[in-house]
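In: What follows is a protein structure lacking sequence information:
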């Protein structure tokens with residue numbers, strides 16, 4: 001067997017030390033549980049402001065955001081079924097470009113992307129409860145700290161419990177959201193203006209049509225954030241060649257429809273002038289306002305409970321998925337050797353799980369919610385651009401690699417998806433250069449760490465793994 005054949009056999013092997021506990025519904029729940037957080041209730045305001053309060057343009061941007069995510073998901077489906085390894089993007093970037101590129105993606109996730117998402121969600125949950133429970137700034141941070149520690153300990157005891165929690169929270173949050181949609185669609189008396197006419201240009205940061213749409217789409221992508229994480233647990237999915245692409249397509253496609261219909265339902269209850277007045281008064285939670293107007297005080301309670309469940313499920317999904325990325329980096333001999341060891345009884349990467357908790361807690365105490373969300377989304381677009389292109393690179397590099405699933409539309413779909421992510425990166429540099437520069441600094445730090453850890457790992461072998469039955 002030559003080197004190329006040996007490498008192909010290694011990449012396609014489904015032998016693993018993990019336990020395969022995640023079903024198709026579990027995979028959908030992991031993606032949906034992370035994606036559907038609090039954003040569905042308040043991000044509609046930001047999308048409207050960025051699109052000049054044009055309801056038609058705002059809905060178009062929600063659809064574009066979903067299409068961008070779905071196109072990326074199709075590329076991830078091909079990569080995950082042809083290379084069924086834990087770690088997702090880190091593994092694909094390593095094989096397509098160079099181990100340094102995979103490391104930079106994983107390092108960015110380890111230092112910023114993963115803990116940043118976790119800390120943002122942990123802060124957002126008590127922030128939503130603050131008006132009702134009287135939390136101040138310190139109380140929010142203490143509550144966030146307890147959430148992170150509690151869910152980290154819970155996920156330490158194996159992926160089965162974490163996956164079941166995702167299933168429960170996914171169903172629990174979808175039912176109230178669907179209730180609000182149905183009531184708003186049928187009880188609403190407003191006929192939405194779905195033209196692309198800009199009504200309040202003073203809310204926009206640009207007059208360029210492309211920039212307006214791109215900047216609005218960026219706002220929707222925070223609501224769609226999370227679809228990349230299922231590939232991180234590929235080695236724990238039952239029959240990944242079938243269930244991974246199905247879960248990605250069903251979850252992303254379904255949530256795109258959910259977000260678009262939810263925002264249309266808001267427009268059935270609140271006209272453009274009313275929404276503008278609410279935003280000017282500081283009320284960005286349009287979903288809550290719709291529930292209050294259609295269901296009374298009970299509606300407001302339903303929304304608050306749904307938001308809490310949504311954010312809790314999203315937080316659990318992040319804590320569950322991200323450590324698998326750092327595990328993959330260590331297995332490739334480019335990260336701390338201790339990260340490459342699974343717990344002998346629970347078969348989870350326990351060291352990166354607890355280190356992740358420490359970094360997340362630090363971010364909770366030193367950063368704001370707004371800073372975290374912007375930085376996480378920008379850095380994600382950079383590496384998603386490279387990962388999407390890796391589909392074409394790996395097809396050429398490993399033509400004999402088994403591909404149980406191939407991207408619909410072939411090369412055209414891949415190129416369109418890559419260009420969309422690249423366009424969002426460029427637009428962020430134009431509209432928010434400060435966040436873009438901060439986001440770029442993390443990979444530069446990672447490059448230094450890559451060479452330091454590379455030297456260290458030359459003389460430090462990976463720990464031997466022994467498993468309990």
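Out: That came through fine. A quick note: this is a predicted structure, and the numbers were derived from the prediction, not measured.

In: where does the stretch 301-450 of the chain have low pLDDT?
Out: 367-377 (pLDDT under 70).

In: Show me where it has its helices.
Out: Taking DSSP state H, counting those that start in this stretch, the helices of the stretch 301-450 of the chain run over residues 323-331, 350-366, 369-397, 410-431, 433-458.

In: Report the central residue of the protein.
Out: Geometric centre of the chain, nearest residue: residue 226, 1.8 Å, by C-alpha atoms, centre = their mean.

In: Skipping its backbone neighbours, what lies nearest residue 378 in space?
Out: Leaving aside its chain neighbours, residue 378 sits nearest to residue 439 (4.3 Å; criterion: C-beta to C-beta, 6 or more residues apart in numbering). To be clear about C-beta, it is placed using only N, CA and C from the backbone, and glycine gets the same treatment.

In: check contacts around the one you found.
Out: 112, 375, 378-379, 382 (C-beta atoms under 8 Å, 6 or more residues apart in numbering).

In: ditto for residue 104
Out: Residue 104 touches 93, 383, 443, 446-447, 450, counting by C-beta under 8 Å, 6+ apart.

In: Now, of those, which are buried?
Out: 93, 383, 443, 446, 450 (16 or more other C-beta atoms under 10 Å).

In: Among those residues, list the two that are farthest apart in space.
Out: 383 and 450 (14.8 Å; C-beta to C-beta).

In: these two touch, right, residue 250 and residue 25?
Out: No - contact criterion C-beta atoms under 8 Å: residue 250 and residue 25 do not qualify, at 9.5 Å.

In: closest to residue 350 among the buried ones among the contacts of residue 104?
Out: Closest to residue 350, out of all of these and judged by C-beta to C-beta, is residue 446, at 23.2 Å.

In: Contacts only, for that closest one.
Out: Contacts of residue 446 (C-beta under 8 Å, 6+ apart): 103-104, 107-108, 111.

In: Any chance of the buried ones among the contacts of residue 104 in CSV with distance to residue 30 as columns?
Out: Shown next, in CSV, are the buried ones among the contacts of residue 104 (distance: C-beta to C-beta, whole Å):
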residue, distance to residue 30
93, 21
383, 20
443, 26
446, 26
450, 29
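
In: Which one of these is nearest to residue 462?
Out: residue 450 (17.4 Å).

In: nearest residue to that closest one other than its sequence neighbours?
Out: residue 103 (4.8 Å).

In: returning to what we had before: just the contacts of residue 446: which are in helices?
Out: Counting by DSSP state H, the contacts of residue 446 place 103-104, 107-108 in helices.

In: want to throw the residues you listed into TSV with distance to residue 301 and pLDDT?
Out: Output for the ones in helices among the contacts of residue 446, formatted as TSV (distance: C-beta to C-beta, whole Å; pLDDT from 0 to 100):
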residue	distance to residue 301	pLDDT
103	47	88
104	45	88
107	43	87
108	39	85
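
In: Derive a ChimeraX selection command for the buried subset of the residues you listed.
Out: Burial among the ones in helices among the contacts of residue 446 is assessed by 16+ other C-beta under 10 Å; the matching ChimeraX selection reads:
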select :103,104,107,108
